[in-house]
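Asker: how does the following fold in three dimensions:
(2 chains)
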Amino acid sequence: MVTVMKILEIIVSPLVALIVGIFFLGLFRKMMARIQWRYGPPLIQPVIDLVRLFNQRGFSHGAVFDLGIILSLAGALVLVLFIPIGGMCPLANSGGLLVILYVMLFAPIGIALSGGEGANPNISIGISRKLILTLSYEVPFIFIILSLMSYYQTISIVEIVKAQAHYHWSLFSPLFLSGVAYFMILPAMLGIRPFDMASAPQEISSGIDVEYGGKYLAFSQIEHALSLFIVIALFVNLFLGGGNLPVFLLKMLAVFVCGVFIHASFPRFRIEQATKYLWFWPTIISFISLIVIQLIR
Amino acid sequence: MDRNQIKKWLESPGKMGHKYSLWAVYFCTGCGIIEIPPVITSRWDAERFGVLPAPSPRQANLFLITGYVSVKTLKAIIKTYEQMPEPKYTVGFGSCPINGGMYWDSYNTIKHLDKYIPIDGWIAGCMPRPEAIFIAVTHLWTLIDKGMAKGYVKYRENYGRYRENQEKALGKLEWPRLFPIKDENE
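Answerer: Down below sits the predicted model:
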């Protein structure tokens, strides 16, 4: 019985992630339209786009071009299995936060491999920006993860969610500063406006996506939806206390709406400004938080 | 979405996807492009029809030729058109691509664009209003529904003729042939 439930969870949780991620993409476009005083596309527009893209002929530039995008999609799908989604976590006992730190790098590396085969100058600019951005937000992210692990004395996310259910959210505990730092790097991890230089459509023709057409672009969009889900779900689990499925999704929606407002109100950073910002305020705040946690434990 | 469209969605999802997700290439060929910013921004909001400017021709399926086509632009237009994945739709915007318009006796513009690439529909006028683009989009929906927007098939079948015209206008082309050319005499 337990095995059947586990297999069911392994099937269901990526589906939930996919549906929620694609719904977020649609909501994103609709909300941006309403903020700009437009009517906006229907909420299911990303689904229509995906149907169209799967029916369009895509161009391949070689085997690595195909395999790289599959690798990044697979990385995102595997990552979903490690994240508790409202009490449902298929691979709860296998590594926790440490695995997430490693597997999160699969998506940028897969896209970099795939784009390298595309041999378009816009792709190389996009990849270099994406990897620099990843390098920039990983530093505060590691500090945040370290302070969480040393505060709760565990590497398992499920344990952290359980501990928050017993006492109070991490955001209102000594980990407050870590939560603030995570929220500051959230736009960079999501790739939204102040930090969307890796996929800037106006400067470098959408960067990493420029050679993708047809099903390749569809895979890229699905990967984008999944990574949107993963980053926000991680924030909700680590700092906002998880909860059962409806509560969890509502919290995700609240964080996502904040993200859309940030996207709507900021212009785009240059890449070195982004690195300067990410290595200054979020890093300092998360480092102070790490020291505070070490002192009080 | 209407309820009576559900049947159509189930019958041919690809066709309906192409209808409601037309991504247009960002490509300013002439003065007509000045009508595009109001169309895609808050004033007329093309996104509610699913029309979105795509940043690269690989992602697009709608090509708006906006305004007069000089010989130099024609080269870029052909390159861009051949980079777009099939199915793809082309709309000539303004009177210049139709018959030369006010450049009818110019020495360096192309008079009839449909000699060089296939065009699925025209918007006449100098300039057409932004509303005309929406009328064109709804006409294109009807054409896609009836299976009449077959410009890309025409291009594949008559590639020899098109290539001949292109070489007549531009001299020798430096890129290889997109499709094998059938022998006309057989």
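
Asker: what sits against residue 96?
Answerer: No chain specified, so I'll use chain A. Residues in contact with A:Gly96, defined by Cβ atoms under 8 Å, 6 or more residues apart in numbering or on different chains, are A:Phe82, A:Thr154, A:Ile155, A:Ser156, A:Ile157, A:Val158, A:Glu159. Just so you know, the C-beta spots here come from the backbone N, C-alpha and C atoms, and that holds for glycine as well.

Asker: look at chain B instead
Answerer: B:Gly30, B:Gly32, B:Gly67, B:Tyr68, B:Val69, B:Met102, B:Tyr103, B:Thr109, B:Cys126.

Asker: now swap in B:Ile110 and tell me
Answerer: Counting by Cβ under 8 Å, 6+ apart, B:Ile110 makes contact with B:Val69, B:Ser70, B:Val71, B:Leu74, B:Pro97, B:Gly100, B:Tyr116, B:Ala169.

Asker: and with 6 Å instead?
Answerer: Shown in contact with B:Ile110 (Cβ atoms under 6 Å, 6 or more residues apart in numbering or on different chains): B:Val69, B:Leu74.

Asker: before we move on, what about B:Gln59?
Answerer: So B:Gln59 contacts A:Gly213, A:Leu217, B:Trp23 (Cβ under 6 Å, 6+ apart).

Asker: how about the first one: what's its closest non-neighbour residue?
Answerer: Ranked by Cβ to Cβ, 6 or more residues apart in numbering or on different chains and with sequence neighbours excluded, the top spatial neighbour of A:Gly213 is B:Arg58, at 3.6 Å.

Asker: quick one, phi/psi of that neighbour?
Answerer: Here is the backbone geometry of B:Arg58 (degrees, to the nearest 10): phi -60, psi -30.

Asker: and for the one 4 residues further on?
Answerer: When read as degrees, to the nearest 10, the backbone of B:Leu62 gives phi -130, psi 130.

Asker: that one and B:Ala24 touch, don't they?
Answerer: Yes. With contact defined as Cβ atoms under 6 Å, B:Leu62 and B:Ala24 form a contacting pair (4.5 Å).

Asker: show me the strands in chain B, by range?
Answerer: For chain B, the strands defined by DSSP state E cover B:23-25, B:52-54, B:62-66, B:89-93, B:121-123.

Asker: report the longest helix in chain B, please.
Answerer: Assignment by DSSP state H gives helix B:130-146 as the longest helix of chain B.

Asker: what helices and strands are in contact with it?
Answerer: Helix B:130-146 is packed against helix B:13-20, helix B:36-40, strand B:121-123, with contacts defined by 3 or more Cβ pairs under 6 Å, 6 or more residues apart in numbering or on different chains; DSSP states H and E.

Asker: which of those sits closest to A:Gly26?
Answerer: Closest to A:Gly26 of the helices and strands packed on helix B:130-146 is helix B:13-20 (Cβ to Cβ; 13.1 Å).

Asker: any part of that closest one near chain A?
Answerer: Yes. Using Cβ under 6 Å from any Cβ of the partner chain, helix B:13-20 reaches chain A at B:Pro13, B:Gly14, B:Gly17, B:His18, B:Tyr20.

Asker: between those, which sits nearest B:Ala132?
Answerer: Closest to B:Ala132, out of all of these and judged by Cβ to Cβ, is B:Tyr20, at 19.7 Å.

Asker: and the closest one, how far is that from B:Glu47?
Answerer: Distance, B:Tyr20 to B:Glu47, using Cβ to Cβ, to the nearest Å: 11 Å.

Asker: likewise for B:Gly30?
Answerer: In this structure, B:Gly30 and B:Glu47 are 24 Å apart, going by Cβ to Cβ.

Asker: out of the two, which sits in the more crowded spot?
Answerer: B:Glu47 (23 against 20; other Cβ atoms under 10 Å in any protein chain shown).
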